[in-house]
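# dropping the sequence and predicted coords here.
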Amino acid sequence: AQSVTQLGSHVSVSEGALVLLRCNYSSSVPPYLFWYVQYPNQGLQLLLKYTTGATLVKGINGFEAEFKKSETSFHLTKPSAHMSDAAEYFCAVSLTGGFKTIFGAGTRLFVKA
Amino acid sequence: EAQVTQNPRYLITVTGKKLTVTCSQNMNHEYMSWYRQDPGLGLRQIYYSMNVEVTDKGDVPEGYKVSRKEKRNFPLILESPSPNQTSLYFCASSLTTQTGELFFGEGSRLTVL
């Protein structure tokens, strides 16, 4: 069965510092991978996705993620955090031929001035 | 503007009083889904629909019903709500089930007393 594990329910960084949010998945077949962001009192919106091809994926707001099959990981990074990045981030996986997207438990990012 | 609209956004009700949360999308998406979000558990799928009159259970369907009589609407029905259904509910839609981005509504916060 597929699953998604996000390491760290809360991550705190200083403004300007590197953001690293970790995501590992388990899947018996090649997955499609997503990162979503949820700002307070809003629904989720897509940051980036990996389907096939280049394993380094760039998304909105300066975020990027790298698909590493050997490590079954899809970590999200941003070189320099901004106060506006404070939100909850969800990693998600969808199987080829499947009808559902499985979400991780989420990581809340705090950005300190 | 492309959007998924949920109503009501906030609702407090009592055990056993039937309620319906409506969801409507204007993007002509075939796929629609309901999720509930609970702290520490991320988003869990309740029901999904591949097209009109085609629905199926997700991971946590107990206590919920859905219908898909029109492509744009996918209401969530709680026939006899219980306190353990207190949660934040999201409706989402997608053009495809696998590689497509999920578009989310803003959420409906339900409290069952």
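Thanks, I have it.
# CA atoms for contacts and neighbours, from now on please.
OK.
# point out where chain A drops to low pLDDT.
Applying pLDDT under 70 to chain A picks out residues A:96-99.
# where does it come near chain B, residue by residue?
Neighbours of chain B within chain A, by Cα under 8 Å from any Cα of the partner chain: A:9, A:32, A:41-46, A:51, A:90, A:94-106.
# residue ranges of the strands in chain A, please?
With DSSP state E as the criterion, chain A has strands at A:3-7, A:10-14, A:19-26, A:31-38, A:44-50, A:56-58, A:64-68, A:73-78, A:87-95, A:101-103, A:107-112.
# tell me which of the ones you listed sits most buried.
The highest average neighbour count among those, using mean count of other Cα atoms under 10 Å in any protein chain shown, belongs to strand A:87-95 at a mean of 25.
# show me what that strand is in contact with.
Defining contact as Cα atoms under 8 Å, 6 or more residues apart in numbering or on different chains, one finds that strand A:87-95 is touched by A:2-4, A:6, A:23, A:25, A:27, A:29-40, A:100-110, B:42, B:98-99.
# how much space between B:His107 and chain A?
I think there's a mix-up here, since residue B:107 is Gly and not His. Noted for B:Gly107: a distance of 6 Å to chain A, by Cα to the nearest Cα, to the nearest Å.
# quick one: that residue and B:Gln6 touch, right?
Yes. In this structure, B:Gly107 is within contact of B:Gln6 by Cα atoms under 8 Å, at 6.6 Å.
# mutual contacts of those two, please.
Common neighbours of B:Gly107 and B:Gln6, using Cα under 8 Å, 6+ apart, are B:90-91.
# so for those two, which residue has more residues nearby?
More crowded of B:Gly107 and B:Gln6, by other Cα atoms under 10 Å in any protein chain shown: B:Gly107, with 26 against 23.
# which residue is the nearest non-sequential neighbour of that one?
Closest residue to B:Gly107 apart from its sequence neighbours, by Cα to Cα, 6 or more residues apart in numbering or on different chains: B:Phe90 at 4.7 Å.
# do A:Leu76 as well
Using Cα to Cα, 6+ apart and skipping the chain neighbours, the partner closest in space to A:Leu76 is A:Ala65 (4.5 Å).
# wait, isn't the one you found in contact with A:Leu47?
No. Between A:Ala65 and A:Leu47 there is no contact under Cα under 8 Å: 9.8 Å.
# the one residue in chain A that gets nearest to chain B - how many residues pack around it?
Residue nearest to chain B within chain A: A:Ala105 (3.7 Å; Cα to the nearest Cα). For A:Ala105, the neighbour count with other Cα under 10 Å is 25.
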